[in-house]
Every structure is written in structure tokens, then in C-alpha cells.
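J.: Build me a model from this:
(one chain, ligands or ions: 1)
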Amino acid sequence: MSTRRPSARRPAARRPVERSTPRPTLVERYRRFLPVTDATPALTLGEGFTPLVHARNLGRELGLDNLYLKVEGANPTGSFKDRGMVVAVSRALEAGARSIVCASTGNTSASAAAYGAAAGLEVVVVLPAGRIAKGKLLQALVAGARVVAVDGNFDAALRIVRELAERDDRPITLVNSVNPDRLEGQKTAAFEVCDDLGRAPDVLAIPVGNAGNISAYWAGFGDYLAAGLCSSRPRMYGFQAAGAAPIVLGHPVAEPDTVATAIRIGDPASWTKATAARDESDGLIEAVTDEEILAAYRDLARWEGIFCEPSSAASLAGVRKLVRSDRLGVDRDATIVCVLTGNGLKDPHTAEAQVGDVLGSEPTTEAVVAALGW
Ligand SMILES: Cc1ncc(COP(=O)(O)O)c(C=O)c1O
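T.: Here you go, the predicted structure:
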């Protein structure tokens, strides 16, 4: 029988515990840098505040101690588009729009559909037929967007929605990244990277499609530098897919083709801004092959536990390529951030083609052990 007596000591005084303050919305957090006023309707699905993960395993492989992944697939609709969409849709509401319209390789439509639904707006999406990852198309349809698939590529779809937005018979706002409010919102990712690191990175590696995101990050780092919130800006390393690399080639690509459907774009709308970001930052924009993209895509999931879209993996594929060809351009202890723009669940088709079969077994432990080859 236990002879333990109740302790004679007085219970330790409880340290006062403070409840954490509620998390602000992304727009509240970075309000001073965004085109919003008290008249702008508040709208949020909880966007932003995405993880910056230290990629220790991939970093070890590449000899990079300070390799980080900005996991934008953690946004509400699974991609970075939500950062700009929340601003663009709020401003559309403020301007009295009743409808929003966009062309999309998938993620813009998923984001527009969700924010449009939350704002009570009609959402019209024009897509290149047969070129959209299944998950993204379903996101738009489930949220009630009216989706029109055209027999043409993204560039044709963008031309059509630009014309739709110019009609004066309906109050309609274009929410592609040519809408400046989108890029303003997307700047917030650069702010978060600086806030999490306590400084700007030395290199920011990013996939490039329509070239809005690289332009937005560059503007964001510029805002933070001007505000005295960081003391330098990173070199901007953009990566296009080899079959859809107009900026690398220096001319539009009529039939862009790559497994990375989100960056299958032949004539980027923000081309000039992207090359300015490259040149002003002493950076580069290069191409990576589909094989390099898919290898990075698999390794991100298997080594770091991060399942991103194929397009997203272009950032890591590019850094790897530079390391392996001894052209990284910065010291190995430099702080390098690879932006992973979207969530891998959006594109189950590509994932299926990359994995082995599920193991079959009788429903006994012995049979499962045998199936595992233990
Ligand atoms: C997952 C993903 N990554 C990268 C990009 C490219 O971004 P941007 O078109 O701003 O260059 C997109 C654009 O749709 C995207 O959806």
C-alpha cells in the first residue's frame, strides 16, 4: 500500500497565462501597404500566414544550410492566388461590381470562385479546354462559378476576358493578375518571408508563368526596404518550364507545352515587370525541363513532406540545376527561399503517374507483413 502523504509544500503560485491575441486578417496585418481604405468591404477566407519551412533534407543534398520553402499551398483555396484575390474582390465590391471574370490555368479560377462566392458575386471563368488540373476545375464548379472552356490556350482565354471586362452593359471586374489589386495583395508573401526570417533572403526562387507573382514579390521587397523593415532585397531567380519559356527565349511561344499546367503560358502579361525584377535584382530567369520539375516534385514530398503542384516544384528544380552546374551565384550559406505556389492535391492526375501501386493483401497481419516484405 502506498505510504505517500500529500505534499506539505504549498502549491506553486500559478504563473499568469495570457490568452494569445486573435490573428489579424492578412489585409489588416499589412494594411499600410495595400490599396484599401475604411470604405473597402472586409472580406477574408483566412488567406496568408503560410509556413516558411526550413528544408533540412533537401538542403543537405545540395549543400545549402539555409534553404527554405514558402508553402503557399496552405492558402484557403490551395494557392498563392488568394493573397491577391482577397484584395481584388474586396475592391470590386467597393466599386459596385456585380460580376468578376478571369481567364485561368486553374488556380485563379479556384480562387476567384471562392472569394466571389463569399462576396455574393457572379463569377465567370474562361479556361483553355482540357488543360486544367481536375482539382482546380472542380473547385471552381463546386463554388458555383460559370465556367466556359474554349478551344484555345491560356493566352486566347485572357484576350477574351479582357474584352468581356470592357463591355459597358454589365458592371464586371477582371480579376486576372493584370488587375493591379491582385499584385498588390500578392506582395504580402514577400512581407511574410521577411517577417519570418527577420531579414530579406539572399535569393528568392519562384516559378514563372504569367509573371505576375515574381513581379509582386519584387514590389513587396521594395516596399519593405523603403519602409526600413529590411535592409536588402533578394536576387530574384525565376524559372519557366522549358516547353513554355517565352522570357528565356525572348519571344512568345505559340504552343506552350509542359506537365506544369499552371505555368503553361506562351505570352506572359507581366513580362516587362518580370524582366525588370530580374535585372534590378541581379537575378535570372531560366528554364527547367519537365523531368527536372517532376524530380523536384517527388523529392519535395518524399524528403520534406510537402506535396506541391508540379509548377511549384520549378523553383526547387531551378535552384538544384544552378547548384549542380555551379552557377548558384551566391555562397552556399546564403538564405534561399523557394516559393511553392500551390497544393499537390489539385492535380491528382500528375501525382498518379508518379507513384507506385497500392499493395494488396488478405485481411490478416501476417499477410500485411508479407506484402510489406518484412
Ligand atoms: C501553382 C502556380 N504556380 C505558378 C504560377 C505562375 O504564377 P504567375 O502566373 O504569376 O507567374 C501559377 C499561375 O497560375 C500557379 O497557379
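J.: Let me see the contact set for the residue in the stretch 51-200 of the chain that the ligand sits nearest to.
T.: Nearest to the ligand in the stretch 51-200 of the chain, going by CB to the nearest ligand atom, is residue 107, at a distance of 3.5 Å. All C-beta atoms are positioned from the backbone trio N, CA, C, and that covers glycine. Listed by CB atoms under 8 Å, 6 or more residues apart in numbering, the contact set of residue 107 reads 77-81, 136, 262, 341-342, 346.
J.: what's around residue 130, how many residues?
T.: As a burial measure, residue 130 scores 7 neighbours (other CB atoms under 10 Å).
J.: Can you tell me the element it falls in?
T.: Assigned by DSSP states H and E, residue 130 belongs to no helix or strand.
J.: Leaving out chain neighbours, which residue sits closest to it?
T.: Spatial nearest neighbour of residue 130, chain neighbours left out: residue 149 (7.4 Å); criterion: CB to CB, 6 or more residues apart in numbering.
J.: same check, this time on residue 235
T.: In this structure, residue 235 finds its nearest non-sequential neighbour in residue 283, 4.4 Å apart by CB to CB, 6+ apart.
J.: The one you found against residue 233, yeah?
T.: No - the pair residue 283 / residue 233 is not scored as a contact, 9.9 Å apart, by CB atoms under 8 Å.
J.: if we can go back for a sec, sort out for me which of the contacts of residue 107 are in helices.
T.: Members of those lying in helices (criterion: DSSP state H): 81, 136.
J.: can you narrow the contacts of residue 107 to ones near the ligand?
T.: Restricting those to those near the ligand by CB under 6 Å from any ligand atom leaves 79, 262, 341-342.
J.: interface residues of the stretch 101-250 of the chain facing the ligand?
T.: Within the stretch 101-250 of the chain, the positions adjacent to the ligand are 105, 107-108, 177, 207-213 by CB under 6 Å from any ligand atom.
J.: how about the residues you listed in a markdown table, adding pLDDT and secondary structure?
T.: Formatted as a markdown table, those follow (pLDDT from 0 to 100; DSSP: H, G, I helix; E, B strand; the rest coil):
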| residue | pLDDT | secondary structure |
| --- | --- | --- |
| 105 | 87 | coil |
| 107 | 96 | helix |
| 108 | 96 | helix |
| 177 | 88 | coil |
| 207 | 98 | strand |
| 208 | 98 | coil |
| 209 | 96 | coil |
| 210 | 93 | coil |
| 211 | 96 | coil |
| 212 | 95 | helix |
| 213 | 97 | helix |
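J.: can you redo those as TSV with distance to residue 12?
T.: Converted to TSV, those look like this (distance: CB to CB, whole Å):
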residue	distance to residue 12
105	59
107	52
108	55
177	56
207	53
208	57
209	58
210	59
211	59
212	56
213	52
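J.: For those, which single residue is the most surrounded?
T.: For these, the largest neighbour count, defined by other CB under 10 Å, is 35 neighbours, found at residue 208.
J.: how near is that residue to residue 59?
T.: Per CB to CB, to the nearest Å, residue 208 is found 23 Å from residue 59.
J.: Could you do residue 336 as well?
T.: With CB to CB as the criterion, residue 336 and residue 59 are 9 Å apart.
J.: thinking residue 126 is in contact with residue 157, fair?
T.: Yes - with contact defined as CB under 8 Å, residue 126 counts as touching residue 157 (4.4 Å).
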